[in-house]
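Asker: pasting a predicted model and its sequence here:
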Amino acid sequence: YPCVQMAAAAAKKIQHTVLFKFPECEASGEAAMQAVVSKFNTLPGIAASFGGYGTAALSKAELLAALDFGDKSDGFTHCLLVVADDAGSLETYLHHDFHLVEWMDVVKPYGQGIVVFDSELRVDLLAGALLHVVVAKLDADVSPDLAPVNALPGVTASFAPHLGTAFLETVAWPDKTFGFTHILTLVADDVTALRGYLHSPEHLQLGAALKDIMDHRVVHDSHLAISSNS
């Protein structure tokens, strides 16, 4: 990975996206996880949001029906989004007892899969909005033109590569990307805005631009609990 990614990470906030497979997680387990996430938000330079597939009002099945869109989650049920002011803040979070002890204790009984992806934060976050993330395995490093997508009503999107092995060495954390190379992060004002994007020609054009170099992708939609300035 180019050194320029390291320099960029030093200048911008870091988006630490973690997808989990918790197929048997009950309400009490998710409540315990949310309690630990609240502790994450007391750490300096850290803002964290956690939720299952769906919105505050809609279950996964209800959301997919409202979006009129197929399930492309590949079994991933929950998303933890951690925004760190810098690499030092992320390293502190990763190695803090809130994460290594308390978080691991509450997720261990349910975990059946994970993907961890570190990238630059390139999109403004808005608490109460929908977070639509797509992690993809691409055969080439590309920068698709998102201007047409960002011209759509109620959505803002970004596309970024993984920060690379040198960054992971900086924060002393193992590679858990499992081959995923890029992430699309889209913030939608509401279900109507996300549906509009998913069924737009702009979405189809973006998919067509990546189709020939994409081996696999995972899509997850969840409620966003933090803003960029949290």
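Answerer: Now that the structure is in, tell me what you want to look at. Residues are numbered from 1 along each chain as shown.

Asker: so who does residue 101 touch?
Answerer: For residue 101, the contact set (Cβ atoms under 8 Å, 6 or more residues apart in numbering) is empty. Placement of C-beta: from N, CA and C, glycine included.

Asker: am I right that it is in a helix?
Answerer: Yes - counting by DSSP: H, G, I helix; E, B strand; the rest coil, residue 101 is located in a helix.

Asker: so how far is residue 108 from it?
Answerer: To residue 108, residue 101 is 11 Å away according to Cβ to Cβ, to the nearest Å.

Asker: next: residue 52.
Answerer: Using Cβ to Cβ, we find residue 52 at a distance of 18 Å from residue 108.

Asker: so for those two, which residue has more residues nearby?
Answerer: A count of neighbours by other Cβ atoms under 10 Å puts residue 52 above the other of residue 52 and residue 108, at 19 against 8.

Asker: grab the nearest non-local neighbour of the more buried one.
Answerer: Nearest in space to residue 52, with sequence neighbours left out and distances taken as Cβ to Cβ, 6 or more residues apart in numbering, is residue 78 at 5.0 Å.

Asker: just grab the bridge partners of the one you found for me.
Answerer: Listed beta-bridge partners, residue 78: residue 20, residue 52 (assigned using DSSP bridges).

Asker: what's the neighbour count on it?
Answerer: The number of residues near residue 78, taken as other Cβ under 10 Å, comes to 21.

Asker: that one contacts residue 17, correct?
Answerer: No - applying Cβ atoms under 8 Å, one finds residue 78 not in contact with residue 17, separated by 11.6 Å.

Asker: need the three-state assignment for residue 47.
Answerer: Judged by three-state DSSP, the three-state class of residue 47 is strand.

Asker: how about the helices in this protein?
Answerer: With helices called from DSSP state H, the chain shows them at 3-11, 27-40, 60-67, 87-95, 97, 104-107, 147-150, 165-170, 191-198, 201-211.

Asker: distance to residue 180, mean pLDDT and mean neighbour count added to those helices, as CSV?
Answerer: As requested, the helices of the chain are arranged in CSV below (distance: least, Cβ to Cβ, whole Å; pLDDT from 0 to 100; neighbours: other Cβ atoms under 10 Å):
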stretch, distance to residue 180, mean pLDDT, mean neighbour count
helix 3-11, 15, 43, 13
helix 27-40, 23, 96, 15
helix 60-67, 21, 98, 16
helix 87-95, 18, 98, 18
helix 97, 28, 98, 10
helix 104-107, 20, 97, 15
helix 147-150, 20, 98, 15
helix 165-170, 14, 97, 15
helix 191-198, 21, 98, 19
helix 201-211, 13, 96, 14
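
Asker: residue 139: which of those is closest?
Answerer: helix 201-211 (10.1 Å; Cβ to Cβ).

Asker: and residue 136, how close does it get to residue 142?
Answerer: As judged by Cβ to Cβ, residue 136 and residue 142 stand 10 Å apart.

Asker: which residues do the two both contact?
Answerer: Common contact partners of residue 136 and residue 142 (Cβ under 8 Å, 6+ apart): 182, 210.
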